[in-house]
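1. Pasting a predicted model and its sequence here:
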Amino acid sequence: MLLDTRHSLETPEGALLPLTPAGFGVRAMAQMLDILIRLAITAAIFTLLSLLGRLGTGIALILTFLLEWFYPVYFEISRQGRTPGKKWMGIRVVNDDGTPITFGPSLLRNLLRFVDFLPMLYLTGIIASLCNRQFKRLGDLAAGSIVIYEVPPAREPSFEVRGQLPVPADFSTDEQRALLAFAERSKYLSAERQSELAAILVPVIGGKDPVIAIKQMANTMIGKQ
């Protein structure tokens, strides 16, 4: 049984794009925040336009209708799949292939919210999201979209050593990955353990300090001075 809901998509360039679907709880919190924002905007609209009498009330009703149905569409298209509630909770909506959501799928998934709401309190949407591993409600299934957690920007690795050293030309891809993994994890190792592991490369790098040499090779691989 798979306990981890993360899955990876392979891009045309051959890179793996990891996606972590957002579950019901965090999506419900984001939805509540967006509802509160819409209620505040609606209250402001009616308060201001009520000064115009019945005409103002009619305009307010039209604006409220547009706000209810196009508020999420506007933010999903213009803010990289994030309404204010989604942004606050660290999630966003994308297409199934990981590409940014476009107008058509966004409009479809939001128009189908009324189906997910049936018979009350999004009961249909809740049941649908709990019946698939990607936590999709009916609108997502129809639109081909998925709500995922935001991936925090990767921090530039620091190996605490300056300078570069060429990687031996006969090193395989796996060996280069091992060098990079050592440099990345060295901060969690004692100096003695680093020296013990790096000593394996002494015949290759000659008289240089093997720990420093490995980290300088890692600097070369990531383009860091």
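-> Received the coordinates, thanks. Please read all numbers here as calculations on a predicted model, not as lab measurements.

2. Now do the residue of the chain most remote from its centre against T64, distance only.
-> Residue farthest from the centre of the chain, counting by Cα atoms, centre = their mean, is G53 at 45.9 Å. For G53, the distance to T64 equals 17 Å [Cβ to Cβ, to the nearest Å]. Every residue, glycine included, has its C-beta placed from N, CA and C.

3. Equivalent analysis for I127, please.
-> For I127 relative to T64 (Cβ to Cβ), the value is 29 Å.

4. And these two? Which one has more around it.
-> T64 (15 against 12; other Cβ atoms under 10 Å).

5. just checking, the more buried one touches T42?
-> Yes. T64 is within contact range of T42, at 5.2 Å (criterion: Cβ atoms under 8 Å).

6. C-terminal to the lowest-mean-pLDDT helix or strand in the chain, which secondary structure element comes first?
-> In the chain, no helix or strand scores lower on mean pLDDT, DSSP states H and E than strand 7-10, which sits at a mean of 69. Per DSSP states H and E, the first helix or strand lying C-terminal to strand 7-10 is strand 16-19.

7. what mean pLDDT does that following strand have?
-> Mean pLDDT, computed over strand 16-19, is 76.

8. Run me through the strand neighbours of it, direction for each.
-> Strand 16-19 has the following strand partners under DSSP bridges: strand 7-10 (antiparallel).

9. Please list the outside residues in contact with the strand it pairs with.
-> For strand 7-10, the surrounding residues in contact (Cβ atoms under 8 Å, 6 or more residues apart in numbering) are L16, L17, P18, L19, D97, G98, Q134.

10. could you redo those residues as TSV and give each row neighbour count?
-> Shown next, in TSV, are these (neighbours: other Cβ atoms under 10 Å):
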residue	neighbour count
L16	9
L17	14
P18	11
L19	19
D97	12
G98	15
Q134	18
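
11. care to break this structure down by domain?
-> 7-149, 173-222 (automatic domain parsing).
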